[in-house]
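Colleague: This is a predicted model, with the sequence first.
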Amino acid sequence: MKKLVTLVLAVAMILSVMVMPASAEVQKPEKITIFIDGTVVTEPNGQKQFEEKWEELSGIELEIIQPDHDAYYDVLQQQIASGDWPDVMILSSTYYANYANEGVLWDMTEAWENSKTKNSGRMKNENVLDGLKINGRLYGFADAAGGGCVTYIKKAWLDAVNMEAPTTWEEYAAVCDAFVNNDPDKDGVKDTYATAAAGFIGGEAPFINYLPEYYQDAYPSFYQNEEGVWVDGFTQPSMKAAMERLNEGYTKGWIDPTTLTNGTKDCRNKLSDDTIGIFTYWAGTWATNLKNLLINNNHDAELIALPPLEGAPGFFDRVPPVWAISSTCENPEGVFTYFIDTMLDGGDMQFLWTYGVEDVHYSYKAETIMPGTDKAVTYEQGVFHFRENLETPGTTYTKNHIDPVSSNAFFAEGYYDPKADIVLPENIASSDLFAANSRAAWIVPSTDEMSMYNGDLTTLKNGLIAKVAMGEMTYDEAMAEFSKQGQGWSDLIVNSLNAK
Amino acid sequence: MEATKTNVQRPRKPLNIFPYINGVLFVIICLIILVPIWKVLVDSFDLTTGYGMKLWPDHFGLDGYKTVLTNPSLVTPLMNSVITTLSGTILGLLLSTLGAYVLIQFDMPGRGLFAGILMFTMIFSGGMIPSYIVMRNLGLTNTLWVVILLPAINVYNLVLMRNFFEGIPTSLFESATLDGCTPMQIFYKIVLPLSKAALASIGLMFAVSYWNDYTNYKLYITKANLYNFQMKLRSMMMGSNLPTAVGSASENTVQNAAVIIAILPFMILYPFLQKYFVKGINIGAVKE
Amino acid sequence: MNSAVSYQPKKKPLLPRMKKYAGFYFMFIPVLAFLIIFHYLPMFGIYFSFTKYNIIKAPVWVGLKNFERLFAMPNFWQAFSNTIELSVIKLVLSTGMSVILSLLLNEMNNIYGKKLAQTIIYLPHFMSWVVTASVFQLILSPTTQGLVNSILMQLGIVDKGIYFLGNSATWEGAYYVINIWHDTGWGTIIFMATLTGIDPGIYEAASIDGAGRWKKMWYITMPSLANTIITVLILNLAKIMNLFESVFVLQNDAVMDVSQVLQTYVYYQTFNSGGIPDYGYTTAIGLFRSLVGMTLMLICNYASKKVRGRGIV
């Protein structure tokens, strides 16, 4: 009996080895179901045409499920709970890490290693994908970098106070002082602040991205140091300097007095109505958006993107959202090959994901965009241009899903990429500055201690940072308060992270 | 007519200043209420974008409204809103009045049980995911049925309705029963005509909740052609905060215009409902 | 449940009585059907409260662990008492203001003024909390751009702007004011409808007897409103622990000690956990909130029965 089993096993093994080369020839799926958020063209924006074009290029039926962008993760959770797992889904870094740990996602490490995209020689920044590895395995694919914030400063204000763009904290402080006291908007009234943010600290990782000049090398949450040991950045000495800088900035009026209650929109409005002159916000598309806001308000629109101050490390690059294949997918290799590996194919498919559908989102025809308005632009035959946004008339498209600037791969040699002709210089300048000065954000794993105490710990830390910044407390008082309750939670979490 | 009444009182109270104080008070109250709305209104007409309060727009323009209202993808959501609000309000009123009518039968065996069954659902719920699974198994997800049927049973409104019905004199029911009316006949011949104000106010509450609903749309519908007006306005208001958002310069103006447009339907509708809020309307019906 | 009717004369046998109400049972069927389909079928979800359920793997029975975890949260009791404090005061203030406003509206004789006033006071209800918060953050801001502070400074009451929403001492007051602004007008609808039910003849009779405006208001109008007021208060008690959005949009890092309510607390706990929400735990919190709401409601309904001889349903 045993012999028979062994024999059968042996035969099976031989057979499987023999079949292997055949199965390496990946079977083409007939239909792929994808679950996507609002970062891919929506239904009113010509999703149907996008779907048809994709099907035409691939010969595969595509089913798109796109819940409302705000409720994306609620609906995804419902879908996962009810057992209808889509073949492919877009995931944020938190969901990506947790779903990967729970076995929801298909391990694409080998598929990626052997993929056309990876081996095409067109990849821009492969470390983006390396950063997505969890214990050395890859479960998701990022088509672009995560992006982050850079600091913009108004050129007109610098000129008004006769100063250069600051490169050190001392210079930065001097510029702030001048922006508050020397009437940089030249209206004769002392009504300006240097900078504004929505809160002294951001609500989500990487937390410090909106006031980098003040935080510099400080990071108030958990991170892995050079030795690979997890630490709580809040207890590090760098945090003392950061909180004292915030306090100096707030009490001297550099930081807008309503920082605590500002929303991001309030800050953008303060930039556009000339209340503030320095603003840290997203690099890339937003450089153009901010410029347009200023033009619209009849203010000088030149914004200089500042590199990090001397001694400060680079801006944080967020962990990008990823495309992941579910572990229940019947033919994951096929889906990988025909869906994910084609997304950055350097040709028509990449063009579709980046710029959309011809004559829907963009066109080469001779035509006038937004005729009859003051935004009307006439293009000649053969010139690539984006068309008017179907959902928000009065604006044009700027991309489909993949940002042409932060895309992870170049188009193939000889394939026309209109990027250089259409993407505005400030967008490219800020993106390049960001790319040259950024550091990758961490994927922080979750532990039981973390989910139990980090809510209270974060609330405590944020409250202390705000109170020190506003001068209601000194750093030493804050740390005394912290060691009373927060230290215990912090130690528990650090230990649990290091034990993992 | 009202004025003659005060004239009757005058001889007794020669210095009746209350109406004037009351009037001034309401002017103040209305002004206080309007200040924050004014900020939104001014910003919706202002083509420049500022943070602070302004009395008038710096650079007046209708572009915000134009962008929202000329939006070609607005027609379907508007239709969906009208359909769901009308049918939902009618259905909601039907269920509330039926339930309330049963609840005022104080001697009915099992009344307490019914009340318990109702109240339990107001306090306890199965939660988001079980509700989704039930709706999916019933084939209601991605249909307008789910957004019409689900909010139609509203225990809060039903109990308020019961509270109104309770005020109808029982003698009316008794005499009608003696005249041989069935419960159903009493319901639509006596109870409903006597409850116009209640129907108008609770109907308004239903209509507003249907019109403003977005939670059910977000959770149960993933097809944009089934979204309602409110969902559409929200995506216009929220969408531009994404790091990769394509903001237009008039983004702020458009958002504020969307807020004002969301208020408008009920500002228009409300005056038509007001005739049901006149003093003594219910009792008048009894006397006729 | 039947103790309240014990004073009634001896009842007839059940079946004939039920037969008398056959029509009513029939009328309750649609209501019952809706309740079962939309509320009772999903109730199986309450089971998840006693499980560890990450949505992906089958739920694992953990008994009362989720509740233990909830009560073990370091600042649970502070969040709990904040919730009760904020929502009870808010409920009493908004309902009280609605009643006063309704009474004043009822006394208004100018029909056009009344219509206009009614239309205006409903408006805030149609503003979402996000928009409301952003406007009030501006109006209450400590700089000269803040309307309230600039008035106070002009009048010489303060010489430096007060950061109403950025300070634990003033946050609560500001929160109530904003809530009154947002909810009072809409709250009058139900009271105005009740007032229409009062027979004008009673007022006329009272006038002939020499009753003045205040007497009529106190002895005729108020008693007719009492039932509705109590119903509204008790119904809202059931939802007291659900307080979330209005607080969430108005709170900030410096005022957490007074503004952290149960729902925001749980939100931050989940958000900062680095994990995906455990559905069992979330459901357990929902069940706890329901139990608190039910307890409050039963107590008040019982008190209402004792005092007035009847409950709200």
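Modeller: Now that the structure is in, tell me what you want to look at. Residues are numbered from 1 along each chain as shown, chains lettered A, B, ... in the order given.

Colleague: contacts, neighbours, all on C-alpha from now
Modeller: Noted.

Colleague: how about stretch A:229-247 against chain C, any contact?
Modeller: No - if you take C-alpha under 8 Å from any C-alpha of the partner chain as the test, stretch A:229-247 misses chain C, and the best it gets is 14.1 Å.

Colleague: Contacts for that stretch next, please.
Modeller: A:214-225, A:461, A:465, A:468-471, A:475, A:490, A:494, A:497-498 (C-alpha atoms under 8 Å, 6 or more residues apart in numbering or on different chains).

Colleague: ditto for stretch B:41-61
Modeller: Against stretch B:41-61 from outside (C-alpha under 8 Å, 6+ apart): A:266, A:269-270, A:272-273, A:293, A:296-297, B:39, B:62-65, B:250, B:252-257, B:260, C:138-139, C:145-147.

Colleague: Sort out which residues of it are buried, please.
Modeller: B:41-53, B:57-58 (16 or more other C-alpha atoms under 10 Å in any protein chain shown).

Colleague: Let me know the closest of those to residue C:119.
Modeller: Nearest to residue C:119 out of the buried residues of stretch B:41-61 is residue B:41 (C-alpha to C-alpha; 16.3 Å).

Colleague: pLDDT value on that closest one, please?
Modeller: Looking at residue B:41, its pLDDT reads 92.

Colleague: which residue packs closest to the residue in chain A positioned nearest to chain B, ignoring adjacent ones?
Modeller: Closest approach of chain A to chain B (C-alpha to the nearest C-alpha) occurs at residue A:67, with a separation of 4.3 Å. Using C-alpha to C-alpha, 6 or more residues apart in numbering or on different chains and skipping the chain neighbours, the partner closest in space to residue A:67 is residue B:222 (4.3 Å).

Colleague: Check chain B and tell me which residue is nearest its centre.
Modeller: residue B:208 (2.5 Å; C-alpha atoms, centre = their mean).

Colleague: for that one, what are its contacts?
Modeller: When contacts are counted by C-alpha under 8 Å, 6+ apart, residue B:208 touches B:85, B:266.

Colleague: again with residue C:41
Modeller: B:131, B:134.

Colleague: How much space separates it from chain A?
Modeller: According to C-alpha to the nearest C-alpha, to the nearest Å, residue C:41 stands 15 Å off from chain A.

Colleague: Sticking with residue 171, tell me its helix or strand.
Modeller: Went with chain A since none was named. Taking DSSP states H and E as the definition, residue A:171 sits inside helix A:169-181.

Colleague: nope, chain B
Modeller: If you go by DSSP H and E, residue B:171 is part of helix B:170-178.

Colleague: Kindly confirm my reading that residue B:86 is in a helix.
Modeller: Yes - using DSSP: H, G, I helix; E, B strand; the rest coil, the assignment for residue B:86 is a helix.

Colleague: surely it meets residue B:207?
Modeller: Yes - with contact defined as C-alpha atoms under 8 Å, residue B:86 reaches residue B:207; the gap is 7.3 Å.

Colleague: For those two, work out which one has more neighbours and name it.
Modeller: residue B:207 (23 against 18; other C-alpha atoms under 10 Å in any protein chain shown).

Colleague: In helices, which of the contacts of stretch A:229-247 fall?
Modeller: Among these, the ones falling in helices (DSSP state H) are A:214, A:215, A:461, A:465, A:468, A:469, A:475, A:490, A:494, A:497, A:498.

Colleague: Select from the residues you listed the one having the most neighbours.
Modeller: residue A:465 (29 neighbours).

Colleague: hang on, the earlier thing: mind checking the SS state of the residue nearest to the centre of chain B?
Modeller: For residue B:208, the assignment made with three-state DSSP gives helix.

Colleague: Please report the distance of it from chain A.
Modeller: 22 Å.

Colleague: ditto for residue B:197
Modeller: Using C-alpha to the nearest C-alpha, residue B:197 is found at 37 Å from chain A.

Colleague: again, but for residue C:112
Modeller: Distance, residue C:112 to chain A, by C-alpha to the nearest C-alpha: 38 Å.

Colleague: What residues does that residue make contact with?
Modeller: Taking C-alpha under 8 Å, 6+ apart as the definition, residue C:112 has no contacts.

Colleague: Identify all contacting residues around stretch B:164-178.
Modeller: Residues contacting stretch B:164-178 (C-alpha under 8 Å, 6+ apart): B:100, B:101, B:104, B:183, B:186, B:190, B:191, B:194, B:195, B:198, C:194, C:197.

Colleague: Tabulate those (CSV), appending neighbour count and distance to residue C:254.
Modeller: Listed next are the contacts of stretch B:164-178 as CSV, based on neighbours: other C-alpha atoms under 10 Å in any protein chain shown; distance: C-alpha to C-alpha, whole Å:
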residue, neighbour count, distance to residue C:254
B:100, 25, 47
B:101, 23, 51
B:104, 18, 50
B:183, 19, 60
B:186, 17, 60
B:190, 17, 58
B:191, 19, 54
B:194, 23, 53
B:195, 26, 50
B:198, 28, 45
C:194, 28, 43
C:197, 26, 48
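
Colleague: In helices, which of the residues you listed appear?
Modeller: Secondary structure assignment (DSSP H) places B:100, B:101, B:183, B:186, B:198, C:194 from those within helices.

Colleague: Give me the phi and psi for the closest residue to chain B within the stretch 101-250 of chain C.
Modeller: Chain B sits closest to residue C:196 of the stretch 101-250 of chain C, with a gap of 4.2 Å, by C-alpha to the nearest C-alpha. Phi and psi for residue C:196, reported as degrees, to the nearest 10, are phi -70, psi -20.

Colleague: how far away is it from chain A?
Modeller: 42 Å.

Colleague: count of neighbours near that residue?
Modeller: Counted with other C-alpha under 10 Å, residue C:196 comes out at 22.

Colleague: show me where pLDDT drops low in the stretch 51-200 of chain A?
Modeller: Applying pLDDT under 70 to the stretch 51-200 of chain A flags no residue at all.

Colleague: How about the residues of it by chain B?
Modeller: A:65, A:66, A:67, A:68, A:71, A:74, A:75, A:78, A:81, A:82.

Colleague: What is the nearest of those to residue C:52?
Modeller: residue A:81 (13.5 Å).
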